[in-house]
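Trainee: okay, sequence plus prediction incoming.
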Amino acid sequence: MKKYVDLKKYNIEFKNLLSGPAQIGRMINYIIYTGEGKLLHKPGNRTIKLENNIGSAWTIEFMIGLNLVKLRSLTLKSESYVLELTEIGKEIYDLLQDKGCIADIYEGNSVKELKDDLKRNKIDEIYILFEKAFRKSAVFKNLIIYLDIENCSQDNMTVSKSEFNDNFFAEMLQFYENQQLNLASRTSTGGNRVPSLVQMCEFLDYCTVTKGRIIFKKDKLLNEKKDDTSAVVSQNELIEMIKKEDMLNKRIQKLAEEFGEDGNTIVTSTARLSQVQSAFKDRLIKENGQSCVICGIKNREMLIASHIKQSSLSNIFEKADNNNGLLLCANHDKLFDRFLITFNDKDGSIIISNNLDIDDKVICGLNSNFKLPSTLLTPQRRNFLKWHNDEFFKKNK
Ligand SMILES: [Zn+2]
């Protein structure tokens, strides 16, 4: 038996992992309804007519598993929950709002019709957001483990649709048997539990479905997966970092005494700058983990220790001070460095320049509701952010 993900860690139940048909089109409609504060979830509700604003339970359960919506509060009268959008759900909603989409238009569409329509209306950025949500989900991770696609020698893996539905469902059932299995329905067969997953894969072009066969595409499914494996900083690496930091502190102190605190010229003209920069990056990783603070990408090669107050304007202590930094991926570093984004020095909320158009915002994965984690808002970092805010507003008048 393969080792599938721990659903508790994802804060979801079995029924959120494998819920019955949840058409992509209906999910899009439901995101709009939720954004408008209209959608309710009543466990077990099987009608899709939205009577009293209650949605199809199967669809909503799957959306919870994909982290697109979450339950907010229980309304006592109807034993139903008010739904709210998650961060990524909100991003999709904002995109749909910008494009003037209204709910109820995508309900019955096939994946192909839906894709054509999204393209026609220039809403195909929606794939990026759905993909982001899906890849992070337990649903996706379990699929990768089940298919064992890494060890597949061909570029494509062809499976019979009905066999896949039944076997995947059976294996999930067996694996999660002793954990609270909430099937949410008496009807429990692979044929009506797995299609949502297949459809999501089809929508994201991870597979094609023809004549009872599913052809999974290896490169598409594995793309980006490497980032996950290189993510964790080991205990030994951390100890090394701390040791290096002690040495660095002494070295910086010595340099400052020798050449004065404003060590710009001596530091830039020697190899010591790269040592300072590398220690600076280690400090940021130690403070908040090895990932871009905005998008979460974890591959070390992609991460840059970005100075808040420009490095060339910082003295030697400021250059090495993690309070004067944020760990960002290459794209987000560039945006921050060129003052196309900044973070409010009071509450850490992102401020996005009007010089970025909506398409670029989406491509860069910028969400106007984003805030820096409060643990990063130290008084010293807020001072540096103030400097960055002032520069940002000078350049974005
Ligand atoms: Zn990033």
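Mentor: Cool, the structure landed.

Trainee: for the stretch 1-150 of the chain, what lies in contact range of the ion?
Mentor: Near the ion, no residue belonging to the stretch 1-150 of the chain is found when assessed by C-beta under 5 Å from the ion. Bear in mind the C-beta positions are built from the backbone N, C-alpha and C, glycine included.

Trainee: all strands for the stretch 1-150 of the chain, in order.
Mentor: Applying DSSP state E, counting those that start in this stretch to the stretch 1-150 of the chain gives strands spanning 40-41, 69-75, 80-85.

Trainee: now the ones you listed as a markdown table including distance to residue 380, mean neighbour count and mean pLDDT?
Mentor: Output for the strands of the stretch 1-150 of the chain, formatted as a markdown table (distance: least, C-beta to C-beta, whole Å; neighbours: other C-beta atoms under 10 Å; pLDDT from 0 to 100):
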| stretch | distance to residue 380 | mean neighbour count | mean pLDDT |
| --- | --- | --- | --- |
| strand 40-41 | 44 | 24 | 91 |
| strand 69-75 | 35 | 16 | 81 |
| strand 80-85 | 34 | 20 | 90 |
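
Trainee: mind putting those into CSV with distance to residue 62?
Mentor: Formatted as CSV, the strands of the stretch 1-150 of the chain follow (distance: least, C-beta to C-beta, whole Å):
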stretch, distance to residue 62
strand 40-41, 12
strand 69-75, 10
strand 80-85, 13
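
Trainee: distance from stretch 99-109 to the middle of the chain?
Mentor: Here stretch 99-109 is found 24 Å from its chain centre; the criterion is C-alpha atoms, centre = their mean, to the nearest Å.

Trainee: and that stretch, which residues are buried?
Mentor: By neighbour count with 16 or more other C-beta atoms under 10 Å, stretch 99-109 contains the buried residues 101, 103, 106, 109.

Trainee: just stretch 122-130 next, same as before
Mentor: Within stretch 122-130, the residues that count as buried by 16+ other C-beta under 10 Å are 123, 125-130.

Trainee: of those residues, closest to the ion?
Mentor: Closest approach between the buried residues of stretch 122-130 and the ion, by C-beta to the ion: residue 128, at 13.5 Å.

Trainee: and stretch 86-103, what's buried?
Mentor: Residues of stretch 86-103 classed as buried: 86, 88-96, 101, 103 (neighbour count, 16+ other C-beta under 10 Å).

Trainee: what's the nearest residue to residue 44 if we skip its chain neighbours?
Mentor: Closest residue to residue 44 in three dimensions, ignoring its sequence neighbours and counting by C-beta to C-beta, 6 or more residues apart in numbering: residue 57, at 5.6 Å.

Trainee: residue ranges with poor pLDDT in the stretch 51-200 of the chain?
Mentor: Under the criterion pLDDT under 70, the flagged ranges of the stretch 51-200 of the chain are 75-78, 108, 179-187.

Trainee: residue ranges of the helices in it, please?
Mentor: 57-65, 87-98, 111-120, 126-136, 138-147, 161-175, 190-193, 195-203 (DSSP state H, counting those that start in this stretch).

Trainee: so which residues make contact with the last one?
Mentor: Surrounding helix 195-203, the residues in contact under the criterion C-beta atoms under 8 Å, 6 or more residues apart in numbering are 18-24, 58, 62, 66, 111, 114-115, 127, 130, 134, 139, 143, 161, 164-165, 168, 207-209, 214, 216.

Trainee: roughly how far is that helix from the heart of the chain?
Mentor: When C-alpha coordinates are averaged (C-alpha atoms, centre = their mean), helix 195-203 and its chain have centres 19 Å apart.

Trainee: ok, now the second one?
Mentor: Offset of helix 87-98 from its chain centre (C-alpha atoms, centre = their mean): 14 Å.

Trainee: so which elements touch that helix?
Mentor: Packing partners of helix 87-98 (3 or more C-beta pairs under 8 Å, 6 or more residues apart in numbering; DSSP states H and E): helix 24-35, helix 126-136, helix 358-363.

Trainee: which elements pack onto the shortest one?
Mentor: When contacts are defined as 3+ C-beta pairs under 8 Å, 6+ apart, helix 358-363 sits against helix 87-98, helix 126-136.

Trainee: what sits against whichever residue of the stretch 1-150 of the chain sits closest to the ion?
Mentor: Here the residue of the stretch 1-150 of the chain nearest the ion is residue 132; by C-beta to the ion that distance is 11.6 Å. Contact analysis of residue 132 by C-beta under 8 Å, 6+ apart lists 88, 365.

Trainee: any idea how many residues pack against residue 330?
Mentor: Per other C-beta atoms under 10 Å, the neighbour tally for residue 330 reads 13.

Trainee: any idea how far the ion is from it?
Mentor: 8 Å (C-beta to the ion, to the nearest Å).

Trainee: just checking, that residue touches residue 302?
Mentor: Yes. The pair residue 330 and residue 302 qualifies as a contact (C-beta atoms under 8 Å) at a distance of 5.7 Å.

Trainee: contacts for stretch 42-56 next, please.
Mentor: Residues outside stretch 42-56 that contact it (C-beta under 8 Å, 6+ apart): 22, 26, 30, 33, 38-41, 57-59, 78-81, 83, 184-185.

Trainee: how far off centre is it?
Mentor: 29 Å.

Trainee: just the buried positions in that stretch, please.
Mentor: Buried positions in stretch 42-56, judged by neighbour count with 16+ other C-beta under 10 Å: 42, 45, 48, 50, 53-56.

Trainee: pLDDT value on the closest residue to residue 33 other than its chain neighbours, please?
Mentor: Leaving aside its chain neighbours, residue 33 sits nearest to residue 39 (4.0 Å; criterion: C-beta to C-beta, 6+ apart). The score at residue 39 is 91. That number is its pLDDT.

Trainee: which parts of the stretch 201-350 of the chain sit against the ion?
Mentor: Where the stretch 201-350 of the chain comes near the ion, counting by C-beta under 5 Å from the ion, the residues are 292, 294-295, 329, 332.

Trainee: which two of these have the greatest separation?
Mentor: Of all pairs drawn from these, the widest gap by C-beta to C-beta lies between 294 and 329 and measures 7.5 Å.
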